[in-house]
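*Asks:* with the sequence up front, the predicted model follows.
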Amino acid sequence: MGASQFIEGMSYLDDSLITRQLQDPSTRRRAFEELVKKYTSQLYWQIRHIVLSHDDTNDVLQNLFIKVWTNLDNFRGDSKLATWLYRIAVNESLTFIQKRRDTVTIDNPEAGVVENLESDPYFDGEETDMQLQKALQTLPEKQRIVFNMKYFQEMKYDEMSEILETSVGSLKASYHFAVEKIEKYFNEND
Amino acid sequence: MKTIDLTSNKKSKRSPFNVPEGYFENFAAQMMTQIPETDFVKESQTAIKVEMSEPRISILTRIKPYIYLAATICGLVFGIKVYQSQKQQYVGKNQTPVTTISKDQATQYVDDACDFMMIDDHDVYACATNTF
């Protein structure tokens, strides 16, 4: 699911129109509601693949939209609306993970993931899915995000480059290393 | 044996994650309850801009000089009162209380004094005429 895709069966206002309406105080609230409807699903999955649990994703998503509302004046329209939102989503997710890591000391992050996913009623993956999530926990943060964007959300490298403010070459290299490490993990844990 | 093919661009990739039923449909409405109905800050900023074209003086600004004047007068009156009361206390402390005595009492007082100082009428007369 790419940043420019819509939820199936629904049509939304164009980003440039939403941006213009957001800058006008009289139409700001209505435009914001439109923005929430349009991007909820895309941002949700972006966050979910980083923080994993539905409840945590819901919290991060709500905080994200509140942050967007309070910082609307900072969005000048220089970058795409979707890029701006995705960037905030990645930052908010990483901040959340960092806070969780600071408050809960986990000796074995893979075991922590299994425990969380097993208790999450909104995870119905098979053993391979669980193994993949465990393998992802062994990756450095940036590689994990790049892998999630490319593998699960099928995002283009150009889009990822704008969101993560990293060159396409570097992203390709990160994804390549991530795939290698995951395959190695699977081979070692057969 | 668990195997995974990460290189193929398969569209049949199934997400192991799901969400509660109706989550996405209801999220926006739920989210909007957390957003203030009116942006008060913006409204007040707009109001200030409108007011800037036609400046209005508040009641407090108008009566401010009178408040200062009244406060000055009160201060002066209070100061004068305090000064006067302090002055009266100071004068009262250094003054001997005035008492009236009768002529007989005065004569008696002089006689007693003369006896104490062992002087007679002649001495008193000489003192009064400066002839001694």
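*Replies:* That came through fine. Numbers count the residues shown, from 1 in each chain, chains lettered A, B, ... in the order given.
*Asks:* alpha carbons only for contacts and neighbour counts from here, please
*Replies:* Will do.
*Asks:* was I right to think A:Q62 contacts B:M31?
*Replies:* Yes. Using Cα atoms under 8 Å, A:Q62 is in contact with B:M31, at 6.9 Å.
*Asks:* can you name the next helix or strand after the worst-scoring helix or strand of chain B on mean pLDDT?
*Replies:* Using mean pLDDT, DSSP states H and E, helix B:40-53 stands out as the lowest-scoring helix or strand of chain B, at a mean of 52. Toward the C-terminal end, the helix or strand that comes next after helix B:40-53 (DSSP states H and E) is helix B:59-94.
*Asks:* show me what the mean pLDDT comes to for that following helix.
*Replies:* Averaging pLDDT along helix B:59-94 yields 83.
*Asks:* quick one: buried residues of it?
*Replies:* Residues of helix B:59-94 classed as buried by neighbour count (16 or more other Cα atoms under 10 Å in any protein chain shown): none.
*Asks:* repeat that for stretch A:69-80.
*Replies:* For stretch A:69-80, the neighbour count (16+ other Cα under 10 Å) marks A:69, A:80 as buried.
*Asks:* cool, and stretch A:169-177?
*Replies:* The neighbour-count check on stretch A:169-177 (16+ other Cα under 10 Å) flags A:171, A:174-175 as buried.
*Asks:* A:F32: neighbour count?
*Replies:* A:F32: 22 surrounding residues under other Cα atoms under 10 Å in any protein chain shown.
*Asks:* distance from the chain centre to the one helix or strand A:I88 maps to, please.
*Replies:* Here A:I88 is covered by helix A:81-103, with elements defined by DSSP H and E. Relative to its chain's centre, helix A:81-103 lies at 8 Å (Cα atoms, centre = their mean, to the nearest Å).
*Asks:* likewise stretch A:171-190?
*Replies:* How far stretch A:171-190 lies from its chain's middle: 20 Å, per Cα atoms, centre = their mean.
*Asks:* closest point of chain A to chain B, which residue?
*Replies:* A:G125 (4.2 Å; Cα to the nearest Cα).
*Asks:* that residue falls within a helix, correct?
*Replies:* No. The assignment for A:G125, made by DSSP: H, G, I helix; E, B strand; the rest coil, is coil rather than a helix.
*Asks:* how about it: what's its closest non-neighbour residue?
*Replies:* B:P16 (4.2 Å; Cα to Cα, 6 or more residues apart in numbering or on different chains).
*Asks:* neighbours of the one you found, just the number please.
*Replies:* B:P16 is flanked by 14 other residues according to other Cα under 10 Å.
*Asks:* wait, isn't it in contact with A:D120?
*Replies:* No. At 11.3 Å, B:P16 does not count as touching A:D120 under the criterion of Cα under 8 Å.
*Asks:* overlap of the contact sets of those two?
*Replies:* Taking Cα atoms under 8 Å, 6 or more residues apart in numbering or on different chains as the contact definition, B:P16 and A:D120 share no neighbouring residue.
*Asks:* after the helix or strand of chain A with the lowest mean pLDDT comes which helix or strand?
*Replies:* Within chain A, no helix or strand scores below helix A:109-119, which has a mean of 72 by mean pLDDT, DSSP H and E. Next helix or strand after helix A:109-119 toward the C-terminus (DSSP H and E): helix A:127-137.
*Asks:* what packs against that next one?
*Replies:* Helix A:127-137 sits against helix A:109-119, helix A:168-188, with contacts defined as 3 or more Cα pairs under 8 Å, 6 or more residues apart in numbering or on different chains; DSSP states H and E.
*Asks:* repeat that for 10 Å
*Replies:* Applying 3 or more Cα pairs under 10 Å, 6 or more residues apart in numbering or on different chains; DSSP states H and E, we find helix A:127-137 packed against helix A:28-51, helix A:109-119, helix A:141-147, helix A:168-188.
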